[in-house]
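S.K.: Requesting a structural model of the entry that follows:
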Amino acid sequence: MKPISTTPNRAEQVYVSIRDSICDGVLKAGTHLVQENLAARLGVSRQPVQQAMVLLKNDGLVLERGSRGLYVAPLDAEATVHRYQIRIGLDQLAARLCAERAATSAEIAAELRERGEEILARGMRAAAEDKYREAVGHDVEFHFFLYEMSGNPMIAITSEPLWHYLRRVMITVLSYAERGQLVWEQHQDVLDAIVNGDAERAVALVTDHINGAEVALLGAISELPDQPDV
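M.R.: Numbering: from 1, shown residues only. As a prediction, the model looks like this:
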């Protein structure tokens, strides 16, 4: 983690730094998070670290164990299922709205095609090169692009907390479940259906894509070595 420069919103920067270190696997499950040590590493006081920990606990990335302190949460199958139950509804809605907008506007369809293909190209390249963290970043970027293009800003706002947790476990899927290229082929199919204005097909493809990702993710979690009991 890099030291934080002086800014008015120091707590938010601390939160993002620790969150990304957890999601990217730099801080492993079971790691004891000593606030004084984190503050020293980040070059801040304890107060913004304390504020960041509240947000991280809300995200499900950090657990508090009474007098034992704070720990990086283990990957949890049940928590993952709960988040995917919410995510699938949001992604289905986004796919439907995007396709409906594309069907009524050639300009929107063209923007979906151009920007979507750019994201897909970056994601496919990262997956082919086994750059898992980059691939996950582009995966998240693709879905948030669809949220944006849906025309409903509440989809992105509602889904953002889910993705902080899911980004972490998605790296596990790409690393252990060997779904890298398949993910991007499915993204391509979803984009094609949306651009063609086929809402029903887009929703069906998104549903298959997310269900498949969830199954692979849960399988990957079950195959991981025993995680620390925090």
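
S.K.: Now the element after the longest helix anywhere in the chain, going C-ward?
M.R.: Counting by DSSP state H, the longest helix found in the chain is helix 77-104. Note on helix 77-104: by DSSP states H and E, the next helix or strand toward the C-terminus is helix 106-128.

S.K.: what mean pLDDT does stretch 189-196 have?
M.R.: Mean per-residue pLDDT for stretch 189-196: 98.

S.K.: Return the set of buried residues in that stretch.
M.R.: For stretch 189-196, the neighbour count (16 or more other CB atoms under 10 Å) marks Asp189, Val190, Leu191, Ala193, Ile194, Val195 as buried. Backbone N, C-alpha and C define where each C-beta goes, glycine included.

S.K.: thought the last one was touching Ala102?
M.R.: Yes: with contacts counted by CB atoms under 8 Å, Val195 reaches Ala102, the gap being 5.5 Å.

S.K.: Next, the angle helix 77-104 makes with the worst-scoring helix or strand of the chain on mean pLDDT.
M.R.: Lowest by mean pLDDT, DSSP states H and E among the helices and strands of the chain is helix 153-176, with a mean of 82. Interaxial angle of helix 153-176 relative to helix 77-104 (axes from the mean of the first three to the mean of the last three CA atoms, to 10 degrees): 120 degrees.

S.K.: what does the model give the residue of the chain positioned farthest from its centre for pLDDT?
M.R.: Within the chain, the residue lying farthest from the chain centre (CA atoms, centre = their mean) is Ser67, at 30.9 Å. Note on Ser67: pLDDT of 78.

S.K.: Could you do the one 4 residues further on as well?
M.R.: The pLDDT attached to Tyr71 in the predicted structure is 95.

S.K.: hang on, the earlier thing: can you list the helices and strands that the least confident helix or strand of the chain packs against?
M.R.: helix 10-23, helix 46-59, helix 77-104, helix 132-149, helix 199-223 (3 or more CB pairs under 8 Å, 6 or more residues apart in numbering; DSSP states H and E).

S.K.: Determine how far the last one lies from the middle of the whole chain.
M.R.: Spelled out, it's helix 199-223. Offset of helix 199-223 from its chain centre (CA atoms, centre = their mean, to the nearest Å): 14 Å.

S.K.: Might you report the residue contacts of the residue farthest from the centre of the chain?
M.R.: By CB atoms under 8 Å, 6 or more residues apart in numbering, Ser67 lies in contact with nothing.

S.K.: tell me the SS of it?
M.R.: Secondary structure assignment for Ser67 (DSSP: H, G, I helix; E, B strand; the rest coil): helix.

S.K.: please renumber so the chain begins at 22
M.R.: In the new numbering, first residue 22, that becomes Ser88.

S.K.: mind checking how far it is from Leu48?
M.R.: 21 Å (CB to CB, to the nearest Å).
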